[in-house]
Each structure stands twice: as C-alpha cells, then as structure tokens.
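Q: Dropping the sequence and predicted coords here.
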Amino acid sequence: MKVARGKYIAEVIFLMILCLFIDNISSSSDNVLDTIISMSYKFVIIILLFRLYKKVRQQNKEREKE
C-alpha cells in the first residue's frame, strides 16, 4: 500500500512540475484574467491527460495478468 501511495505522490509531483514548465513557456500575457484562464485550461488538460494515463496503465496491468 505504501509503495502505491509513493508512486501516486511521484506522479502528482511530476504533473505539477509539468504544469510549471508549461506555464513558464506561455507566460507572456500581462492581463491577470488571461493568465488565470490559460492556467485553468492547462490544469484541465493536465487532469485529462492524467486520467488517460491511468486508464492506459490499468489496461496494461490487465493485459499482463492474462
């Protein structure tokens, strides 16, 4: 159980670093509202990618069991 929790924490930290990296690339707007909107869009995209990653990983685990 602790190993699974550690892997989950590592994945979340990786996604946070990825968010910061994407934010640094496209942080050229001066308007605060534009920045908040773009960050929220990026956050939604990161969440969707994370769910897709978890689905693919679950499917790979099921294939290994067969």
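A: Good, I have the coordinates. Residues are numbered from 1 along each chain as shown.

Q: what's in contact with stretch 45-56?
A: Under the contact criterion Cβ atoms under 8 Å, 6 or more residues apart in numbering, stretch 45-56 has outside partners E11, L15, L18, C19, I22. In short, each C-beta sits where N, CA and C put it, glycine included.

Q: So which of these sit within helices?
A: E11, L15, L18, C19, I22 (DSSP state H).

Q: Looking at the contacts of stretch 45-56, spot the one nearest S40.
A: C19 (11.2 Å; Cβ to Cβ).

Q: Secondary structure element holding the nearest residue to that closest one once chain neighbours are set aside?
A: Distances taken as Cβ to Cβ, 6 or more residues apart in numbering put I46 closest to C19, at 5.7 Å, once the chain neighbours are dropped. Using DSSP states H and E, I46 sits within helix 32-65.

Q: What is the distance between that helix and the centre of its chain?
A: Relative to its parent chain, helix 32-65 has a centroid offset of 5 Å by Cα atoms, centre = their mean, to the nearest Å.

Q: Now do that helix, average pLDDT.
A: Averaging pLDDT along helix 32-65 gives 79.

Q: Tell me which residues of it come out buried.
A: By neighbour count with 16 or more other Cβ atoms under 10 Å, helix 32-65 contains the buried residues S38.

Q: any idea which of the contacts of stretch 45-56 is the one closest to I36?
A: Nearest to I36 among the contacts of stretch 45-56 is C19, at 13.8 Å by Cβ to Cβ.

Q: That closest one contacts Y41, doesn't it?
A: No: between C19 and Y41 there is no contact under Cβ atoms under 8 Å: 11.4 Å.

Q: quick one on the thing from earlier: spatially, which two of the contacts of stretch 45-56 are the most separated?
A: Among those, E11 and I22 lie farthest apart (Cβ to Cβ), at 16.3 Å.
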